[in-house]
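Visitor: A predicted structure for the sequence below; I have some questions about it.
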Amino acid sequence: MTADRPSPGADAVPPAEWATVLDDLEGEVLAAEASMDADRTEEIEAWGQRVQEWIPPSGLGPVPPDLRERAARLLQHQLAVAEALVEAIIQSRRQRDVAARMTYGPARPVASFIDRAL
C-alpha cells in the first residue's frame, strides 16, 4: 500500500457481530408482541405502518454455525408475530369502523303510531 491511498475499510465501522444483531432483532419481536399482548392499539397500528425492510449490517458474512438454530427460531417467531400483527391490525380497523358507524351514523327513524278510530 502506498501512503497516499488509505487501506480499504480503514474508515469503516467494525462489522457487527451476529449475536448482537440477533439480540436486536429479538428485542424488536418481543416489543411488537408486548404491544399486542397489552392491546395498545396505537402501537399495533404503528408496527403495521413500518415499511422499511430489515437489511443486515454490512460486513456480517454468513450466520455462524453455532447461531443458525437461534436465527431459524427467531425467524419463525418473527413470522408468527407478523401474522398476529396483521390479524390484530385487521381486527382493530374493523372495530374502529363499527364504532365509527355507530357513533356518527345517521339517526334511525323512530316509529310513530297513530291511533285512529274507525
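Guide: Everything's here; your move.

Visitor: Pretty sure residue 85 sits against residue 36.
Guide: Yes. Counting by C-beta atoms under 8 Å, residue 36 is a contact partner of residue 85 at 6.7 Å. Backbone N, C-alpha and C define where each C-beta goes, glycine included.

Visitor: so where is the protein shaky, pLDDT-wise?
Guide: Regions of the chain meeting the criterion pLDDT under 70 cover residues 1-16, 41, 44-45, 47-52, 54, 103-106, 118.

Visitor: Please repeat the previous calculation with a cut-off of 80.
Guide: 1-16, 39-59, 89, 92, 99-118 (pLDDT under 80).

Visitor: can you give me how far the helix ranked longest in it is from the chain middle?
Guide: In the chain, ranked by residue count with DSSP state H as the criterion, the top helix is helix 68-104. Computed by C-alpha atoms, centre = their mean, to the nearest Å, the chain-centroid distance of helix 68-104 equals 8 Å.

Visitor: Equivalent analysis for stretch 67-83, please.
Guide: Centroid displacement of stretch 67-83 relative to its chain, using C-alpha atoms, centre = their mean, is 14 Å.
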